[in-house]
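>>> quick one, fold the following:
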Amino acid sequence: MATREMAALDLGSNSFHLIVAHQSNGHLQVVDRIKEMVRLAEGLGATNQLAETVAERAMGCLQRFGQRLRDLHRDNVRIVGTNTLRKARNSAQFLARAQEALGHPVEVISGREEARLIYHGVSHTLEDSDDRRLVVDIGGGSTELILGRSFQPEIMESLHIGCVGIRDQFFPDGCISRKSLQAAINHCRQELQAVRNQYRAVGWDIAIGASGTVLAARDVLTQLEDNPATAISSRGLKAINERMISAGHVDRLRLPGLSEQRRSVFPGGMAVLTAVVDALRLGTLRASRGALREGLLYDLLGRAHDRDIRESTVQNLMVRYHIDAAHAKRVRDTALSLLAQTAVAWDLTESSNRLLLAWAADLHEIGMDIAHNHYHRHGGYLLAHMDMPGFSWPDQFQLAGLVRSHRRKFPVETEPTLARKHILRLAALLRVAVILNRSRSKKPLPHISAAATNDRLSLTIPKKWLAKHPLTSLNLEEEADYLSASSIALQITVG
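Next up, the predicted model:
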């Protein structure tokens, strides 16, 4: 089997992490790791606008990373943004510039999707066992807590506490006092209060920490003469906290094993870590080098071997919302047949377009579990707002837009995803597929020829079949009127 080069890039609130690996026979061999501490979260002001100075700093880093990524195939690269890009009001401008610098698109993922990927990355660094694991990941803008077994997460939470945010709130001038440190810990414990009882009730066999703060604390503890350790404990954290208080300021903070780059955000991270260990009553916390970027790589590997978590998510939703699977398959098959005939003319040849259209067909009736009236609107709302493991926010919103747009008046003015030409065209194909299968007949459709130009979709339908389906004929005439609200004209020819 040929070697495949894959890469994952995590645009975190504190650091940007790039990992490149060779994949062969289902195994990954890391060949390159690059990390730069960008501190993206520093650029968020009170209005959650990302400052231009910080954006420029980030772009410099991304241009360097782009040299390593630009020649890789798009299907072999995954780049995600986390807490800061979730919060930034002007993230769209940043993402457009980032894509240009990297040569690949950037996805912004939800907190729970981030948690799922972190758990995936950590689990692949551990021995496979049936132990229940608690994974704690402290980032620059958020902290993820995940409970799971083996490679399957069970409970996931993302809390709005991270080393950069806590640093800015409680140690803005770099001063570290007992009072400010305790105030920071208390604040983090308040954030943990909403989830601690649930996590304690379920319990775990082993606790594992990931990412910069945990690894830095572990490195410090292993080098302290009076507190050698490979795992993190309350006693060890107390020793570090006392040394930080004695230093009084980050500029005077000298801890063995603590890097110069990590020093300014270390007090904020220690406040979060101390609160987590205390609130969850952890005995010890093992440190893992696996994290979000490793999870992204293994997720990519799963997609390459037909183990795409997104497919499982769609199938689970079909069961949960009592979707007629046989009818959904007929709509899917019709939609994909139309796509195969129009993909080149309409520039829809990317594999992502086929997946998105197929999932929209599978889920187009999800809103019926709420009510038949306006079920397309109910479905669009559900898909836009629920947690969908494996889906980035842009993909989830585009899927929701397709479902919202699959029938009745074509909402080109109220559905923002339709402003993107490929979504508009996929929506037209889905709408036609739904109409052709409206009778819900188990009999296969005749071959329907489809052709497309820039602004026209032409269908050729057998005359005898159309004569036997007058309702379909009427629906197609109405659809031509609906589509006239967009830039697409529908033309029906009887064959």
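
>>> please make it C-alpha for all contacts and neighbour counts, starting now.
OK.

>>> which elements pack onto the helix ranked longest in the chain?
Counting by DSSP state H, the longest helix found in the chain is helix 178-202. Counting contacts by 3 or more C-alpha pairs under 8 Å, 6 or more residues apart in numbering; DSSP states H and E, helix 178-202 packs against helix 163-170, helix 266-279.

>>> quick one: contacts of the shortest one?
With C-alpha atoms under 8 Å, 6 or more residues apart in numbering as the test, helix 163-170 has contacts from 13-14, 39, 41-42, 138-141, 180-181, 183-184, 213, 264-272.

>>> buried residues in the longest helix of the chain, which are they?
Using 16 or more other C-alpha atoms under 10 Å as the test for burial, helix 178-202 gives S180, L181, Q182, A184, I185, N186, H187, C188, R189, E191, L192, Y199.

>>> any chance you could map the helices in the stretch 1-150 of the chain?
52-69, 83-87, 91-102, 111-123 (DSSP state H, counting those that start in this stretch).

>>> out of those, deepest packed?
The highest mean neighbour count among the helices of the stretch 1-150 of the chain, using mean count of other C-alpha atoms under 10 Å, belongs to helix 111-123: a mean of 26.

>>> residue ranges with poor pLDDT in the chain?
Within the chain, the stretches with pLDDT under 70 are 1-2, 25-26, 128, 225-230, 304-307.

>>> tabulate the buried residues of helix 178-202 (CSV), appending distance to T125.
Output for these, formatted as CSV (distance: C-alpha to C-alpha, whole Å):
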residue, distance to T125
S180, 36
L181, 33
Q182, 34
A184, 31
I185, 30
N186, 32
H187, 32
C188, 28
R189, 29
E191, 29
L192, 26
Y199, 23
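
>>> out of those residues, which comes closest to E415?
Nearest to E415 out of the buried residues of helix 178-202 is E191 (C-alpha to C-alpha; 35.3 Å).

>>> contacts only, for the nearest residue to that closest one once chain neighbours are set aside.
Once flanking residues are discounted, E191 sits nearest to L159: 7.0 Å by C-alpha to C-alpha, 6 or more residues apart in numbering. For L159, the contact set (C-alpha under 8 Å, 6+ apart) comprises S142, T143, E144, E191, L192.

>>> nearest to H378, out of the helices and strands packed on helix 178-202?
Checking the helices and strands packed on helix 178-202 against H378 by C-alpha to C-alpha gives helix 163-170 as the closest, at 36.3 Å.

>>> list the buried residues for the closest one?
Going by 16+ other C-alpha under 10 Å, helix 163-170 has these buried residues: C163, V164, G165, I166, R167, F170.

>>> okay, the angle between it and helix 266-279?
Counting by axes from the mean of the first three to the mean of the last three C-alpha atoms, to 10 degrees, helix 163-170 lies at 100 degrees to helix 266-279.

>>> circling back to that earlier point, of the helices and strands packed on helix 178-202, which approaches R456 most closely?
Closest approach to R456 among the helices and strands packed on helix 178-202 is made by helix 163-170 (50.8 Å; C-alpha to C-alpha).

>>> just the CA atoms of the closest one, as CSV, please.
This file holds the C-alpha atoms of helix 163-170, laid out as CSV (Å, rounded to 0.1, in the frame of the first residue of the first chain):
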residue,chain,number,x,y,z
CYS,A,163,-4.8,29.8,30.6
VAL,A,164,-4.9,33.0,28.5
GLY,A,165,-8.4,34.1,29.6
ILE,A,166,-7.6,33.5,33.3
ARG,A,167,-4.3,35.2,32.9
ASP,A,168,-5.9,38.3,31.4
GLN,A,169,-8.6,38.4,34.0
PHE,A,170,-6.7,37.8,37.2
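
>>> and the angle for that helix with helix 178-202?
140 degrees.

>>> what's the closest non-adjacent residue to L348?
H422 is the one closest to L348 (C-alpha to C-alpha, 6+ apart), at 6.7 Å.

>>> and the next helix or strand past whichever strand or helix holds the one you found?
Using DSSP states H and E, H422 falls within helix 421-436. On the C-terminal side of helix 421-436, the closest following helix or strand by DSSP H and E is strand 449-453.

>>> which helices and strands does the helix or strand just after that following strand pack with?
Downstream of strand 449-453, the next assigned helix or strand under DSSP H and E is strand 456-461. Helices and strands touching strand 456-461, by 3+ C-alpha pairs under 8 Å, 6+ apart, are strand 449-453, strand 489-494.

>>> most neighbours per residue, which of these?
When those are compared using mean count of other C-alpha under 10 Å, strand 449-453 is most buried, at a mean of 18.

>>> for that strand, the distance to its chain's centre please.
34 Å (C-alpha atoms, centre = their mean, to the nearest Å).

>>> can you check stretch 339-355 too?
That offset, for stretch 339-355, works out to 23 Å (C-alpha atoms, centre = their mean).

>>> got it, and stretch 418-434?
On C-alpha atoms, centre = their mean, the centre of stretch 418-434 falls 23 Å from the chain's centre.

>>> make 51 the first number, not 1, from now on.
Sure thing, new numbering starts at 51, so read that last one as stretch 468-484.

>>> what residues of it count as buried?
For stretch 468-484, by 16+ other C-alpha under 10 Å, it's 468, 473-484.

>>> spatially central residue for the chain, please.
I159 (2.8 Å; C-alpha atoms, centre = their mean).

>>> that one touches I129, doesn't it?
No. Assessed by C-alpha atoms under 8 Å, I159 is found out of contact with I129, at 9.9 Å.

>>> returning to that earlier point: got the helices and strands packed on helix 228-252 as a markdown table, with distance to D445 columns?
As requested, these are exported to a markdown table (distance: least, C-alpha to C-alpha, whole Å):
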| stretch | distance to D445 |
| --- | --- |
| helix 213-220 | 28 |
| helix 316-329 | 32 |
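
>>> of all those, which one is nearest P512?
Closest approach to P512 among the helices and strands packed on helix 228-252 is made by helix 213-220 (63.6 Å; C-alpha to C-alpha).
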